[in-house]
Every structure is written in C-alpha cells, then in structure tokens.
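K.L.:
sequence isn't available, so here's the structure alone:
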DNA sequence: ACTCTTAGTTGAACTTTGCAACTATCTGAG
DNA sequence: CTCAGATAGTTGCAAAGTTCAACTAAGAGT
C-alpha cells in the first residue's frame, strides 16, 4: 500500500481585544511539541466529516463550544519537515469572532495572545498566524471583513476603531465614511434593503452620555474600489 | 491504523491564445473518470517530494517537460464525494505560461481548451477551473499578474491586450499607462533600477512596420492602488 | 517626400479624496 | 432650566488623481 501523508485542519481564530489582534492558543497535552502552545487543530475524520469546513467547525466546537461568525480557508501548509512524525498536510483556516462571544465560552482551555510578540509555537503555527494576519490586514484594506470582529450590530465609530486597530494607524473619519458609502439620509431602515449597500442602517441607536450613534449591520462581504487609505 | 484521505495536487495551467484564456487538459487513460478530460495532477510522493510546490512542479514536468513562469496555490478541495474512491484532498494550484513556450513542448499529451464552454470534466475539475479563472481575473484587476502570461520582454500594447482579454472588455490607454505608473522619460534603462517601479524599461525595441515599441520587463508582482478600471 | 500606422506625450475637463469647520443630539452639573 | 461637554453626523472646498482626446514621434512602404 502506498503511504500517504497525514491530513489535519488548523484554525487561526482571531479576535480584537485591548486594541490588538489576538489569536486563540492552547497548550498541547501530548504528542510532538508537548506543553508547547499551538493552534486548535485536528485530523480529518474520514468517517464523520462531510467536508473540510465541517472538520474546522468540529474542531472549534470541541475546543470552545462556539461557532465562529466567519471562517475562510487560508492556505495548505505541507511538507516532510513541519511535523517530526513525517510528511504532513495542514489545511489552515482563518476564523473571526467578536471578543464578547469568546468570553462567554470561558478560557479554561484557550488563551488569547497578541499576534505580535508570540513565544515559540508548535509545528509551523507561527508562520500560519503570520500569514493569517497578513490576509486579514490585506483584506481589511479593501473589504468589510473587519465587521466580523464586531457584534452583529455596531456603530460606525466602533467599526472605524476596528479598522484602525487592524492597520495600526488612524484613518480619517470622512475617508472612512465615504469608503463605506454611508448615506444614511436616504437609506432609512425598512426602506429599500438595497443589494448595493455595504452597510445596512437599523433604526436602533446606542447612547452613551452623548448623542446616540446609529447601529449598523453588515449587508454582505463587500469590496471597495480603492485598496489604500 | 487510522485511515487517512488520499492527497493529490492538481494544476490549473492557464495560457492566453486566440484572445481567450485557455486551460491545459488531458484525457485520463485509466482509473475513475476514464477517457474523461482532466487537469494535470498526481499524488504526493512522500518519499521524493520535498514540498507541495515540488509536487506541482514534478507533475507539470512529467506531463509537459516545462516549468511554468508563475505558480501559486489556489485552494484545497476536499471531501468524501469528489472522488468515487472515497475521502480525498486535492491541493489545487494555478500556473501561468506564455503560449509560445507551450507550443514548443508539443501537444501530444495536452490540449488547450477555452475556459468557457468546457465539456464535462473529471472530479471537481470544472469547479477548480472556475475558481482559478476567478482568481486570475480578480488579481489582474489590482496587480501585474498578467505579465506572466507574456514572454519575459513585452510591449505595453501587448500587456494592455492581455488585460483586455482577461477582463473581456477594452481598457483606456491612458488609464492603463497611468495605472502602471509608466514614466519612461525618467526611467531610462541602466539608471536607477527603482524598487518602486512596477515595470522596468529595457533599451530594446520591437519594430513592426511602424514606430517601434519599447520592450518592458516586469519588476515583481506589484499591486495597484485602485482595483477598478 | 508623402502617407499610413502604431507609439508615446501633454494638457485640460472631470471625478474622487481628505480635511476642517459646522450643526445635531444626548447627558449631567449648576 | 439652561448651559457646558462630548460624541455623532453633514457640508463644502482645496488638492490630488483619473480619463479622454488631441497632439507629436518614428518607423516602413510607395
């Protein structure tokens, strides 16, 4: 019989906390890289997994009990060196979640670490995280991807802060709003749920001790015309 | 022993011919989908392949005797259904080559087909091609990717035609040139091989029976600021 | 020398962007 | 009740970038 590589799925679960992108890591209980920090991951179970995404969701469910709001295949990392047990294939994914949802799951198993200044990690997980962060940062520059790091309803200022934290620099308020095609005046809620609208205005507001800010909901993953801020 | 899925590598090799994107296909000699058209692909050989890219290059070398000028991982297609023999993993790649180089290899084994209007293909290869074309078209809109469909040296008009054929619509000449940041006046060859330059001007010209056009070489894969034409 | 054709440049109209000043709406203190 | 403070949201304009068309350049063939 021909030998075939081991196939596993890894998930780079990212969230935004304390103004930084953070990644979910756990400490390996056994096997190679014992006691080392690692990404959540697991082997494909050919008897019960109906797809790769199913494997990714199963792994996350087992470890955290939660479903991420956003999941996307990142890239497949493979080769003879990445696992001391031999040729292996890791189908890496990026997942995004608002931090509030993660807190509810408790952090007995998982801990969140800033994506920069990480300690040594198992396998090629450091490289996977680097590439995941690059993908998110890149995609944030031309799409509404960062919306999935926030709760379902959010204010424009919250979203702007999210972009700023991903980029690590401030963005102009009017640039931000025009990039998102905000035109609240006409786009009153209940009216035309326009397919072209990037964000959907709700009729709910979030009031602090100032003028309340309108809450928005993301329509779908939309792309901007420009990719630079 | 735990069962593990089969792992193979597929390559969507694209080229531009007769004003259309074309894909390399061969007819399967055996196995599932016998006599069906299929992408070049093969199993990972854990004893001789040093990486996934090595597998992809080996497969192409075996079939065509050529190295593509551009190779990039596309996405991993996996699941219990795509191969009748059971759970399988196909790490799909996109490769680009100028058509002239392909002609030299002869077409006993491979044939080129327009990417639209394809007949039934083996496995999920139709989906892989759809996604590869989408990736190329998308990446063409904001990068110099199409340069790898041309010979090493090319004229601006050739490159413009390449973009137009990928998009399926004409682009304005000045839009095209300003998007590429052409400023031949200062960028005379031999001078500053500026890292920021998208294209590098050579001092060679290609003359037809009109004014000869300067030949350019691509510097590196560069990204544009705007993503729409 | 003249014409035809394609290459490459220039400049002006138009559009988009980015900043700053302005108005709006809430809370809480006096 | 009013006013100050704070954040939300709008508007208008200057600067920068984009697109188009008209112009010049350079070769080949007649």
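P.N.:
Cool, got the structure. As the structure is a prediction and not an experimental result, all values here were calculated from the model.

K.L.:
hey, where'd the helices end up in chain A?
P.N.:
Taking DSSP state H as the criterion, chain A carries its helices at A:52-64, A:99-104, A:125-140, A:156-167, A:173-179.

K.L.:
quick one: contacts of the longest one?
P.N.:
Think helix A:125-140. Surrounding helix A:125-140, the residues in contact under the criterion Cβ atoms under 8 Å, 6 or more residues apart in numbering or on different chains are A:10, A:12, A:14, A:21, A:23, A:37-39, A:74-75, A:77, A:90, A:92, A:94, A:96, A:115, A:118, A:120-121, A:145-146, A:163, A:166-167. Quick note: C-beta positions are derived from backbone N, CA and C, even for glycine.

K.L.:
mind doing that once more with 7 Å?
P.N.:
Outside helix A:125-140, the residues that touch it by Cβ atoms under 7 Å, 6 or more residues apart in numbering or on different chains are A:10, A:12, A:14, A:21, A:23, A:38-39, A:74-75, A:77, A:92, A:94, A:115, A:118, A:145-146, A:163, A:166-167.

K.L.:
list the contacts for the spatially most central residue of chain A?
P.N.:
Ranked by distance to the mean C-alpha position of chain A (Cα atoms, centre = their mean), the top residue is residue A:96 at 2.1 Å. With Cβ under 7 Å, 6+ apart as the criterion, the residues that contact residue A:96 are A:14, A:68, A:69, A:70, A:148, A:149.

K.L.:
list the buried residues for stretch A:23-34?
P.N.:
Neighbour counts over stretch A:23-34 (16 or more other Cβ atoms under 10 Å in any protein chain shown) mark A:23, A:24, A:25, A:26, A:28, A:33 as buried.

K.L.:
can you redo those residues as a markdown table with pLDDT and distance to residue A:197?
P.N.:
Conversion of the buried residues of stretch A:23-34 to a markdown table gives the following (pLDDT from 0 to 100; distance: Cβ to Cβ, whole Å):
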| residue | pLDDT | distance to residue A:197 |
| --- | --- | --- |
| A:23 | 96 | 32 |
| A:24 | 94 | 32 |
| A:25 | 94 | 37 |
| A:26 | 93 | 39 |
| A:28 | 95 | 45 |
| A:33 | 97 | 47 |
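
K.L.:
does residue A:122 touch residue A:33 like I think?
P.N.:
Yes - taking Cβ atoms under 7 Å as the contact criterion, residue A:122 and residue A:33 are neighbours in contact, 3.5 Å apart.

K.L.:
and the strand of greatest length in chain A, what other elements does it pack with?
P.N.:
In terms of residue count, the longest strand belonging to chain A (DSSP state E) is strand A:6-17. The helices and strands touching strand A:6-17, judged by 3 or more Cβ pairs under 7 Å, 6 or more residues apart in numbering or on different chains; DSSP states H and E, are strand A:20-27, strand A:41-43, helix A:52-64, strand A:88-96, helix A:99-104, helix A:125-140.

K.L.:
sheet-wise, list the partners of that strand with their directions.
P.N.:
Strand pairing for strand A:6-17, determined by DSSP bridges: strand A:20-27 (antiparallel), strand A:41-43 (antiparallel), strand A:88-96 (parallel).

K.L.:
so which of these is the most surrounded?
P.N.:
Per residue and on average, the most neighbours among the strands paired with strand A:6-17 fall to strand A:88-96, with a mean of 25 (mean count of other Cβ atoms under 10 Å in any protein chain shown).

K.L.:
and the angle for that strand with helix A:52-64?
P.N.:
Our comparison of strand A:88-96 with helix A:52-64, counting by axes from the mean of the first three to the mean of the last three Cα atoms, to 10 degrees, yields an angle of 70 degrees.

K.L.:
pLDDT of strand A:88-96, averaged?
P.N.:
Across strand A:88-96, the average pLDDT comes to 98.

K.L.:
quick one, it and helix A:125-140 angle?
P.N.:
Computed by the same axes, to 10 degrees, the angle between strand A:88-96 and helix A:125-140 is 40 degrees.

K.L.:
any idea how far the lowest-mean-pLDDT helix or strand in chain A is from the chain center?
P.N.:
When the helices and strands of chain A are scored by mean pLDDT, DSSP states H and E, helix A:99-104 comes last with a mean of 82. Put simply, helix A:99-104 sits 13 Å off its chain's centre (Cα atoms, centre = their mean, to the nearest Å).

K.L.:
rewinding a little: possible to save the helices of chain A as CSV with mean neighbour count?
P.N.:
What follows is these, written out as CSV (neighbours: other Cβ atoms under 10 Å in any protein chain shown):
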stretch, mean neighbour count
helix A:52-64, 20
helix A:99-104, 14
helix A:125-140, 19
helix A:156-167, 18
helix A:173-179, 13
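
K.L.:
and the ones you listed, which one is worst for confidence?
P.N.:
When the helices of chain A are compared on average pLDDT, helix A:99-104 comes out lowest at a mean of 82.

K.L.:
can I see the domain layout of chain A?
P.N.:
Per automatic domain parsing, the structural domains of chain A span A:6-140, A:145-218.

K.L.:
all set, thanks.
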